[in-house]
Structures are given as C-alpha cells and as structure tokens.
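Novice: Pasting the sequence and the predicted coordinates here, then a few questions.
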Amino acid sequence: MPRFPGFAVLCIVAALAAMPVGHSLVSLLHLVEDPWLWSYANVAVGLLGFACVWWGLRRPELEACALGFLGANLMFTGFFEFTFALFARAFDVQPLVNPATGNVLLTPGLQVNEASVFILLALFLLYFANRQVRCTMIVWLRRKLHLETGNPTEPSRDRPYARIVATETLFVIWMIYAASLVTMDPRVLGPTHWFSMTVYTWFFIWPLYLTWRIRTIQVPGAVLRYAIPIGVLYWAWVETLASMDAITEYYLHPVDYPLATALTVAVAAAAIVLVYRGGRLARADA
C-alpha cells in the first residue's frame, strides 16, 4: 500500500517534473512552420489529453487521478497554450521587451494568457459556489469565510475522479500562470509592487505548508490530488529563478539540450507510471 513519505514524494516529483515536459512540448510544437500542421498537431495533443481523462472515468480512484493529471497537462499544452499563441499571432501581438537589457519579458502568447486572469476569477467563483466541489483550498476558504454551501449530494464512490483531477490541475496551472504573468508585467504591477511581493511570498510559503500537511493523508488518490498543487507551486520557484537568470531554462530549448530534456521526460514518465501502478499494488495487497 503506498504510504507517506515515499509515495507522497513520488507524487510531488511527478507533478513537478511534468511542468518542464509541458514547456518542452510547446517549444517542439512551435518548430512546426506550417500553420495548419501546427494547428492540427496542437489539437491532436489536446484531444489525446481528453482521451486520457475519458479512459480514466472507468478506472479505480488512484489510476483515474493519474490519468486525469496526465490528460490535463496534455490539454493545457494542446488547447490552452495553442489558443494563446494562435490569437497572439492573429492579432499581431508584439513581445514585451525590457528596454534596458533587450530581453523579452513576455512573449505574445503569454500576454494573451495574462489577459485571461479575470475569466479565471469568474470561473473560480462559480466553482467556489458549487457544493459538489471538494477541493481542499475551496473547502478551507468556505470554512474561514463562513460561506458553507451545504453537504455535497454526490456520493464519494460515484465521483468522476479523472475529470475532477483534470479540472483542478488545469485550474491550478492556469491560476499560477496568469497570476505570475500579471506580477511580472511592469505595465500592470511589476515584480517590485507590494501585491506582487505578497504573491511571491504566498507562492513560497504555501507549498511548504502543503508538503507538511500531506503527511496526514492516507488515501493514495487523495495524496496525488494534494501533491499536484504542491508540485506546480514548487515549479513557480523554478520560474522565479529563471526570471532572475539564475538558471538555464533548458526545457525551453529541447533541441539545444536534448540529453537534459530526455532525462526530464524520463523522470516525469517514470514517476507518473509508478503512481499509476501504485493503485494496482494497493489492490494486490488488499
């Protein structure tokens, strides 16, 4: 039976390692010069992600969660990233350049992503009001704000875990992505704004708190669901270091760094497979 800390660490590694793999996949897709072929390839990746979620609807809890997580990452790459880049091209959005250094602060696609922040907020509020949503953060916020919606009417055994995990993963990635971009854009806030500093502090403290809390969770599927935001938030640390030019973003240049990229893909794939097989091992031990 998967147990903390080993299984929890494995889940966090899977969530964290999936982030650079997604960036590498986006970079490889951008190498496709034909715009129609580029579009078809992105849509195919997104549909493959949906197929993983669909497959997970009939799987046991942990396997369903793993497939939902994998599917969400593919859907974010194939649908979200593609949409941002597509309309940035269509609207001829220009990159935001640092006048002092000449470095690109925000690509055209990232600026379109940044513009979606209040769309994300509206969707989050609707999910916040949904009594069927049992996201740990939303439940905690409801309790602290005394805005309880009542007990869920959907039995736990009937929950579509693959769809739930896919939705939560998309929201977590999108939320952290959009919030980070707003803080980085000097035309909106900029990294030295007090609100930006608050967000950065939150990004630093929250995953540490969640890592401490995950040790109390015993159900393998719940461990994975809890580990996903931890891994994504730890990735925000990597992005922060990259924005300071403290590390080389090799994952954005997979052709130039094939070995490092291949090792990252191997780690992510192995971690996800081991998490998925954890459900079978648990049933075998039962």
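Specialist: The structure has been received and is ready for your questions. Numbers count the residues shown, from 1 in each chain.
Novice: tell me the mean pLDDT over stretch 234-252?
Specialist: Regarding stretch 234-252, the rounded mean pLDDT is 86.
Novice: er, stretch 138-148 I mean
Specialist: When the per-residue pLDDT values of stretch 138-148 are averaged, the result is 80.
Novice: Name the surrounding residues that touch it.
Specialist: Applying CB atoms under 8 Å, 6 or more residues apart in numbering, the external contacts of stretch 138-148 come out as Tyr127, Phe128, Thr149. Yep, even glycine has a C-beta here, placed from its N, CA and C like the rest.
Novice: Am I right that the last one is in contact with Arg131?
Specialist: Yes: when contacts are counted by CB atoms under 8 Å, Thr149 is listed as touching Arg131 (4.0 Å).
Novice: Could you tell me which residues make contact with Leu106?
Specialist: Applying CB under 8 Å, 6+ apart as the definition, the contact partners of Leu106 turn out to be Pro95, Leu96, Glu114, Leu181, Met184, Asp185.
Novice: Can you tell me what sits against stretch 195-208?
Specialist: Residues outside stretch 195-208 that contact it (CB under 8 Å, 6+ apart): 176, 179-180, 183-184, 189-191, 229-230, 233-234, 236-237, 240.
Novice: Just the buried ones from the residues you listed?
Specialist: Among those, those that count as buried by neighbour count (16 or more other CB atoms under 10 Å) are 176, 179-180, 183-184, 189, 191, 229-230, 233-234, 236, 240.
Novice: Once you drop chain neighbours, what's closest to the residue nearest in space to the middle of the chain?
Specialist: Computing the C-alpha centroid of the chain and ranking residues by CA atoms, centre = their mean puts Ile173 first, at 3.1 Å. When the adjacent residues along the chain are set aside, Ile173 lies closest to Phe76, with 5.5 Å between them (CB to CB, 6 or more residues apart in numbering).
Novice: That neighbour contacts Trp174, correct?
Specialist: Yes: shown here, Phe76 and Trp174 form a contact pair, counting by CB under 8 Å, at 7.4 Å.
Novice: Looking at the two, which has the bigger crowd around it?
Specialist: It is Phe76, of Phe76 and Trp174, that has more neighbours when counted by other CB atoms under 10 Å, with 23 against 19.
Novice: how much space between the more buried one and Val45?
Specialist: Phe76 sits 10 Å away from Val45 when distances are taken as CB to CB, to the nearest Å.
Novice: One more: Leu170?
Specialist: Leu170 is 14 Å from Val45, where distance means CB to CB.
Novice: Please apply the same query to Pro160.
Specialist: Distance from Pro160 to Val45, counting by CB to CB: 22 Å.
Novice: which one of those two has more residues nearby?
Specialist: In this view Pro160 and Val45 are compared by other CB under 10 Å, and Val45 has more residues nearby, 21 against 16.
Novice: Show the pLDDT at the more buried one.
Specialist: Residue-level confidence at Val45 comes out at 97, pLDDT.
Novice: again, but for Ser156
Specialist: According to the predicted model, the pLDDT of Ser156 comes to 60.
Novice: Just give the number of residues close to Ser39.
Specialist: As a measure of burial, Ser39 has 14 neighbours, counting by other CB under 10 Å.
Novice: residue contacts, it?
Specialist: When the contact criterion is CB under 8 Å, 6+ apart, the partners of Ser39 are Phe82, Leu86.
Novice: for the chain, what are the low-confidence residue spans?
Specialist: Along the chain, the parts satisfying pLDDT under 70 run over 1-4, 151-158, 279-286.
Novice: now the strands for it?
Specialist: For the chain, the strands defined by DSSP state E occupy 96-97, 104-106.
Novice: Select, out of the ones you listed, the one closest to Ala270.
Specialist: Each of these was checked against Ala270 via CB to CB, and the shortest separation belongs to strand 104-106, namely 33.3 Å.
Novice: isn't Val112 right next to Phe84, touching?
Specialist: Yes: with contact taken as CB under 8 Å, Val112 and Phe84 are classed as touching, separated by 4.4 Å.
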